[in-house]
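Novice: Mind looking at a prediction? Sequence and model below.
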Amino acid sequence: MPTYNYVAKAASGKYIKTQEFALSEYELKTRLARKNLTIISIKEASQAMRASIFRGRIKTSELVLFCKQLATMVKGGVPLLRAINSISGEIKNPMFRSALEEIGHLVKGGESLSAGFKKFPGLFSPLFTSIVEAGEKVGSLDTMLERLGAYLLARDRLNKKVIAAITYPAFVVVFFAVAMAVITLFLVPRFKAIYSGFGANLPFITQIVFSISDMVITNIWSVIIVTSVIAFFSYKYFFKSARGRRVLDSIIIKMPVLGPVIKDAALSKFSRTLATLLSQGIPIAVSLDLVSKASGNVVIEEAINKIKSLIMDGESMPEALRKTQIFPPLMIQMVMVGVESGSLPELLDKTADFYEDRVADFVATITTLIEPILIVSLGIIVGIVIIALYMPIFKLSQAASGK
């Protein structure tokens, strides 16, 4: 359905500039006339502009709620079009609401729900649309939506646990860096100016702190420029190039402390996503293709693609997992049992629960251990700086008392 940009004038004299969907320009003009709006200009948006309008994000909580509401209404016998229109009218996110309104028009015109989702790849992932499409094909859209909502909720919960494991240490380190920068750039120079008037010999530790402060202040712009250049080229290499992403992701999963938890999170996401797709009858090759795109890690994605190739060549899934040398023996064993018993989706779900629990345990442990370690370490460093700044005052006081 076309998107139109228009400028109109309301009866109150207020000008309105926005975009709307319509079957045609005539249909939009008729709709605006009913609202007593005087059209100033109207023009169909280009495909690039239309795509940019829907390149934002929908919160996972909004998608989960949408899946649950739509599943409940479909299960209750409410016609799909009526259900979509009812839900879209209650959504506060304007981007999500507008997308659902257009999807409703597409469904009204005979399109399937999954076809409507595919019109908005920036909002709905291929995995999301594939699961919905599978539900439509087997006639169990309500069950598929319930499963999809549960999957999105579990994935969101896992992502929050990983973020929690990283955010706290990062916040403390950044706060410490800012505090040290303030001390080095503003506090230390004032103490140096005070002590320079005394003409006395300063303690060695104080001289070191003053020397570091002088070096930073003298070269501050060089440091800023060099840091900015390094940050820019690192971003271009590690985030904008396939080779750089692979190097970065390989480093991340091999990090001594955070690496294992990030890998466990990736394994949990792999197991949960694959279980969700296989349980709905999506072929293994298609499922692995979708899982690889949703992995979020280039190393894991390459391993999944290798698994797909090996399976297509006639290899069993457990053996394919083993040959990647990425997946641990426990997961390989669970997959082997699942393949032999014909309950692979169920065992993959249990595997996902296991790795998710490991991530949760790590987050709890790291929060408990890292807090005192960081506080003590930062306290020692700040204490050394404070002692270095006030030691000359103590010495002057002692000298004055001796006289």
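Specialist: Structure's in. What do you need? Numbering: from 1, shown residues only.
Novice: Dump the strand or helix carrying Val226 to PDB, restricted to CA.
Specialist: Element membership for Val226, per DSSP states H and E: helix 220-240. C-alpha atoms of helix 220-240 as PDB (Å, rounded to 0.1, in the frame of the first residue of the first chain):
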ATOM      1  CA  ILE A 220      45.500  16.500  26.200                       C
ATOM      2  CA  TRP A 221      44.600  17.500  22.600                       C
ATOM      3  CA  SER A 222      47.000  14.900  21.100                       C
ATOM      4  CA  VAL A 223      45.400  12.300  23.400                       C
ATOM      5  CA  ILE A 224      41.900  13.300  22.400                       C
ATOM      6  CA  ILE A 225      42.700  13.300  18.600                       C
ATOM      7  CA  VAL A 226      44.600  10.000  18.700                       C
ATOM      8  CA  THR A 227      41.900   8.300  20.800                       C
ATOM      9  CA  SER A 228      39.200   9.600  18.500                       C
ATOM     10  CA  VAL A 229      41.100   8.400  15.400                       C
ATOM     11  CA  ILE A 230      41.700   4.900  17.000                       C
ATOM     12  CA  ALA A 231      38.000   4.700  18.000                       C
ATOM     13  CA  PHE A 232      36.800   5.700  14.600                       C
ATOM     14  CA  PHE A 233      39.000   3.200  12.700                       C
ATOM     15  CA  SER A 234      38.300   0.500  15.200                       C
ATOM     16  CA  TYR A 235      34.600   1.000  14.800                       C
ATOM     17  CA  LYS A 236      34.900   0.900  11.000                       C
ATOM     18  CA  TYR A 237      37.000  -2.300  11.100                       C
ATOM     19  CA  PHE A 238      35.300  -4.200  13.900                       C
ATOM     20  CA  PHE A 239      31.700  -3.200  13.300                       C
ATOM     21  CA  LYS A 240      31.500  -2.400   9.600                       C
END
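Novice: shouldn't Asn93 be in contact with Leu63?
Specialist: No. Assessed by CB atoms under 8 Å, Asn93 is found out of contact with Leu63, at 10.3 Å. Yep, even glycine has a C-beta here, placed from its N, CA and C like the rest.
Novice: The two - which one has more neighbours?
Specialist: With neighbours defined as other CB atoms under 10 Å, Asn93 and Leu63 compare such that Leu63 has more, 20 against 15.
Novice: Name the secondary structure element that contains the more buried one.
Specialist: helix 60-75.
Novice: Now do the buried residues in that helix.
Specialist: 63-71, 73-74 (16 or more other CB atoms under 10 Å).
Novice: now those in CSV, with distance to Gly109?
Specialist: Below are the buried residues of helix 60-75 laid out as CSV (distance: CB to CB, whole Å):
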residue, distance to Gly109
Leu63, 24
Val64, 28
Leu65, 26
Phe66, 21
Cys67, 23
Lys68, 26
Gln69, 23
Leu70, 19
Ala71, 23
Met73, 20
Val74, 19
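Novice: Pro260: which of those is nearest?
Specialist: Val64 (28.3 Å; CB to CB).
Novice: contacting residues around the closest one?
Specialist: With contact set as CB atoms under 8 Å, 6 or more residues apart in numbering, Val64 has these partners: 149, 152-153, 156.
Novice: Weed out the non-buried ones from these.
Specialist: Counted by 16+ other CB under 10 Å, these give 149, 152-153 as buried.
Novice: contact partners of stretch 177-191?
Specialist: So stretch 177-191 is contacted by 209-210, 212-213, 216-217, 220, 381-382, 385, 389 (CB under 8 Å, 6+ apart).
Novice: re the thing from before, give me the helices and strands touching the helix holding Val226, please.
Specialist: Under the contact criterion of 3 or more CB pairs under 8 Å, 6 or more residues apart in numbering; DSSP states H and E, helix 220-240 touches helix 242-253.
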